[in-house]
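> Can you look at this prediction? I've put the sequence above it.
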Amino acid sequence: MRAPFTNLRGGVLVGLESTYGTAVTLTDTTAVDVVRVSALPDVVTEYAHDGERDMQESGSVGMVRPVNKSGRFGTATISWQTAGAGVAYTATKLPNGHRLFRIGGLAQTFSTNLHDYTPSAEGAYASGTVRVYKRGMQYDLAGAYGSSLSCTAESGRVPTWSLALSGIMASAPTQQATVPTFGAYTGAYL
């Protein structure tokens, strides 16, 4: 008998959108969109409207049925580590998590082996498409924006970055999704 969900494999893909909320095609085998995460994130599915009616029921009439839930979105916190000191970055070789920095509200410039991240100008934020594979489920988020970007740095350890984000879920999570063979992170992408 085959287990319905895999607990052993999963992953995260992130792409930058040219138009907010328009999902981009993600590539999983070439490491273009792959983020090497510290731990697989939990994706929580929520709704902007839960379907309940906002009115008082009279004592003589039966309960009015709720309407369908609407405005499905997902939230997650993604944690990752960059390559560390001594990496020879180029204009096209970027740190792991580059796209997460961008949807976390940072703009990026490059100057001689250094990618500099500064707060994005008002109205110039980048949105992203995020796909998470976890426990046999596939969660697709479009129009993802970060709400909180943080870094934890302990003496003698590689710093860990975390981004809390939310995005539109056009469809419910896919069950028993086939987890792709993720390419090795190369950092050579934009």
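Right, received. Where do you want to start? Just so we're clear, the structure is a prediction, and the values are computed from it rather than from any experiment.
> Kindly format the C-alpha coordinates of the lengthiest strand in the chain as PDB.
If you go by DSSP state E, the chain has its longest strand at strand 137-152. The C-alpha coordinates for strand 137-152 follow below in PDB (Å, rounded to 0.1, in the frame of the first residue of the first chain):
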ATOM      1  CA  MET A 137       0.200  19.100  -0.900                       C
ATOM      2  CA  GLN A 138       0.900  21.800  -3.400                       C
ATOM      3  CA  TYR A 139       0.100  25.400  -2.400                       C
ATOM      4  CA  ASP A 140       0.100  28.100  -5.100                       C
ATOM      5  CA  LEU A 141       0.100  31.700  -4.100                       C
ATOM      6  CA  ALA A 142       0.000  34.700  -6.500                       C
ATOM      7  CA  GLY A 143       0.300  38.300  -5.700                       C
ATOM      8  CA  ALA A 144       2.400  37.500  -2.700                       C
ATOM      9  CA  TYR A 145       3.800  40.300  -0.600                       C
ATOM     10  CA  GLY A 146       5.900  40.000   2.600                       C
ATOM     11  CA  SER A 147       4.600  41.600   5.800                       C
ATOM     12  CA  SER A 148       7.600  41.000   8.000                       C
ATOM     13  CA  LEU A 149      11.200  40.300   7.100                       C
ATOM     14  CA  SER A 150      13.700  39.400   9.900                       C
ATOM     15  CA  CYS A 151      17.100  38.000  10.400                       C
ATOM     16  CA  THR A 152      18.300  35.800  13.300                       C
END
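> And the most centrally placed residue in the chain, how far from Ser70?
Taking Cα atoms, centre = their mean as the criterion, Val130 is the residue nearest the geometric centre of the chain, at 4.0 Å. The spacing between Val130 and Ser70, counted by Cβ to Cβ, to the nearest Å, is 21 Å. Where you see a C-beta, it was placed from the backbone N, CA and C, and this is true even at glycine.
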